[in-house]
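Participant: sequence first, then the predicted structure:
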Amino acid sequence: MSDDLFNLKIGNLSLKNPIALASMGGITDSIFANEFAKDAGLVILGGYNLDTVTNRAASDIIKRGRTEFISEEPLKLISNELESIKIGGVVAINVRSCSIEPLIEAAEIIKNANAIIEIDAHCRQPEMTKIGIGEALLKNLPKLEDIIHRIKTTGAIVSIKVRANVIDNIKMAKAIENAGADILHVDAMKKGAGTDLEAIRKIRDATRLLLIGNNSVTDFNTAKEIFARGADIVSVARGVIENPSLISQLVKDVTSLQEEIGWYNAPKHVCRGEGDLRGLTFCCLPVKACPVHSNIKKIGLTAKEFADIKMEFAKGTPLEYGDSTCFGSLVWCCKITKMCPLRDSVLETIGLSDAEYMKLKKELADYILNHPKVTGK
């Protein structure tokens, strides 16, 4: 398997695959990761409590039967964990602190270890929220934004772990991106059970940050649904405890998918109401009433501008071919997983594989969303 099969890069780091181990308090340390997450592209250790206040809160949580990491020397603990992790993937450290200084110190240590710092804006345990951290940070966005700004001054790669649906998801995502974070890690929790796929889709449309999707991932079918709503990475937590081989199996399955179709997190079609804006790459020529019109309106394009942008990209590429297709060019054709004899006949004639076709469609999706007419740049 090629090291750049997935082309997943963040800052100076490259991830070998899009499967991550998420942090679990008192559980995901280097020992756990070395045993159960050796194949993961990203391993997130922690969460580690960095100051007296958070360690005291963690002690109270333990008293009622939950697990937590507690240390009198948390920065030394983090350094030791970074030295002890023995995996082939990238490492992140999930941390909490009521004061900024320990976060800055931790960020320096983590950056120097070529790892990622992840700020916990996710924990909903009352002992943590009442001291203003974890999920409480989402209800105080100016404070969270200031934390991100100040940690970024260290040069560290910053991930923010959040819980969906605590506040307005779009407002949250935009605030975190504008503050300078690099990664948004979303626990897409919804009332009842299961993953809030619609929340992931809407967050994907609101931000260009590297997006990690999380919640209730116990098999590849669940992971695929999260990928198809725009997650770049899928993280797993409790599922690993229930199935120790889960990460290895997910890596195997997503690798097979990438090798087969070339775009492991390809979006669903927007005409079904499930696809994020990347799905515009699969849309037909906008000549009839269809959800394509409402979606191009979201990015400020007219039907003509959208058509011009797609044809502009197609020029000189294999997507320019396809006289026998519905609209005379592969640029208007659908996802490879949808049956289409007309498209497939053209692909066979020009010698373009399914994976090569989908890679071009991914480039087209990026071209549309990064176009000056869309970004205003």
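Facilitator: That came in fine, so what should we check first?

Participant: where along the stretch 201-350 of the chain do the strands fall?
Facilitator: Under the criterion DSSP state E, counting those that start in this stretch, strands of the stretch 201-350 of the chain are mapped to 210-214, 233-236.

Participant: looking at those, which is closest to R278?
Facilitator: For the strands of the stretch 201-350 of the chain, proximity to R278 was assessed by Cβ to Cβ; strand 210-214 is nearest, at 11.4 Å. C-beta here means a position set from N, CA and C on the backbone, and glycine is covered the same way.

Participant: quickly run through the sheet partners of that closest one, with directions.
Facilitator: The pairing partners recorded for strand 210-214 under DSSP bridges are strand 183-187 (parallel), strand 233-236 (parallel).

Participant: of all these, which one is nearest F313?
Facilitator: strand 233-236 (26.3 Å).

Participant: still on that earlier bit, make TSV from the strands paired with strand 210-214 and add mean neighbour count to it.
Facilitator: Shown next, in TSV, are the strands paired with strand 210-214 (neighbours: other Cβ atoms under 10 Å):
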stretch	mean neighbour count
strand 183-187	26
strand 233-236	26
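
Participant: between the ones you listed, which gets nearest to K38?
Facilitator: strand 233-236 (13.9 Å).

Participant: pull that closest one out as CSV, backbone CA atoms only.
Facilitator: Provided in CSV are the C-alpha atoms of strand 233-236 (Å, rounded to 0.1, in the frame of the first residue of the first chain):
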residue,chain,number,x,y,z
ILE,A,233,-11.3,11.0,9.1
VAL,A,234,-13.6,8.8,11.2
SER,A,235,-12.6,8.2,14.8
VAL,A,236,-13.7,5.3,17.0
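
Participant: distance between it and the chain's centre?
Facilitator: Mean C-alpha position of strand 233-236 versus that of the full chain (Cα atoms, centre = their mean, to the nearest Å) differs by 8 Å.

Participant: now stretch 239-254
Facilitator: Per Cα atoms, centre = their mean, the displacement of stretch 239-254 from the mean C-alpha position of its chain is 18 Å.

Participant: compute the first-to-last residue distance for it.
Facilitator: End-to-end span of stretch 239-254 (Cα to Cα, to the nearest Å): 17 Å.

Participant: on that earlier part again, a markdown table for the strands of the stretch 201-350 of the chain, including distance to V43 and mean pLDDT?
Facilitator: Conversion of the strands of the stretch 201-350 of the chain to a markdown table gives the following (distance: least, Cβ to Cβ, whole Å; pLDDT from 0 to 100):
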| stretch | distance to V43 | mean pLDDT |
| --- | --- | --- |
| strand 210-214 | 12 | 98 |
| strand 233-236 | 10 | 98 |
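
Participant: of these, which is nearest T222?
Facilitator: Closest to T222 of the strands of the stretch 201-350 of the chain, according to Cβ to Cβ: strand 233-236, at 8.3 Å.

Participant: neighbouring contacts of that closest one?
Facilitator: Residues from elsewhere that reach strand 233-236, judged by Cβ atoms under 8 Å, 6 or more residues apart in numbering: 8, 15, 18-22, 41-42, 44, 185, 210-214, 217-218, 223, 226-227, 246-247, 250.

Participant: again with stretch 5-17
Facilitator: Stretch 5-17 is contacted from outside by 3-4, 18, 39-42, 88-90, 114, 116, 157, 182-183, 210, 232-233, 251, 254-255, 258-259, 264, using Cβ under 8 Å, 6+ apart.

Participant: tabulate the strands of the stretch 201-350 of the chain (CSV), appending distance to K315.
Facilitator: Formatted as CSV, those follow (distance: least, Cβ to Cβ, whole Å):
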stretch, distance to K315
strand 210-214, 30
strand 233-236, 33
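
Participant: would you map out the domains in this structure?
Facilitator: Listed domain ranges for the chain are 8-261, 270-375 (source: automatic domain parsing).

Participant: out of the ones you listed, which one sits most buried?
Facilitator: domain 8-261 (a mean of 20; mean count of other Cβ atoms under 10 Å).

Participant: what about the strands of the stretch 201-350 of the chain, which gets the closest to E101?
Facilitator: Of all the strands of the stretch 201-350 of the chain, it is strand 210-214 that lies closest to E101, at 27.1 Å by Cβ to Cβ.

Participant: okay, that closest one in CSV with CA atoms only?
Facilitator: C-alpha atoms of strand 210-214 as CSV (Å, rounded to 0.1, in the frame of the first residue of the first chain):
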residue,chain,number,x,y,z
LEU,A,210,-9.9,18.9,8.2
LEU,A,211,-13.0,17.2,9.7
ILE,A,212,-13.1,14.2,12.0
GLY,A,213,-16.4,12.5,12.4
ASN,A,214,-17.2,10.5,15.5
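
Participant: which residues of the protein score low on pLDDT?
Facilitator: For the chain, applying pLDDT under 70 flags the ranges 1-3.

Participant: now with 80?
Facilitator: 1-3, 191-193 (pLDDT under 80).

Participant: gap between N370 and L364?
Facilitator: Separation of N370 from L364 (Cβ to Cβ, to the nearest Å) stands at 11 Å.

Participant: same check, this time on A223
Facilitator: In terms of Cβ to Cβ, A223 sits 24 Å off from L364.

Participant: now do I131
Facilitator: To L364, I131 is 47 Å away according to Cβ to Cβ.

Participant: excluding residues flanking it in the chain, which one is nearest K86?
Facilitator: Distances taken as Cβ to Cβ, 6 or more residues apart in numbering place N34 nearest to K86, at 5.1 Å, with adjacent residues excluded.
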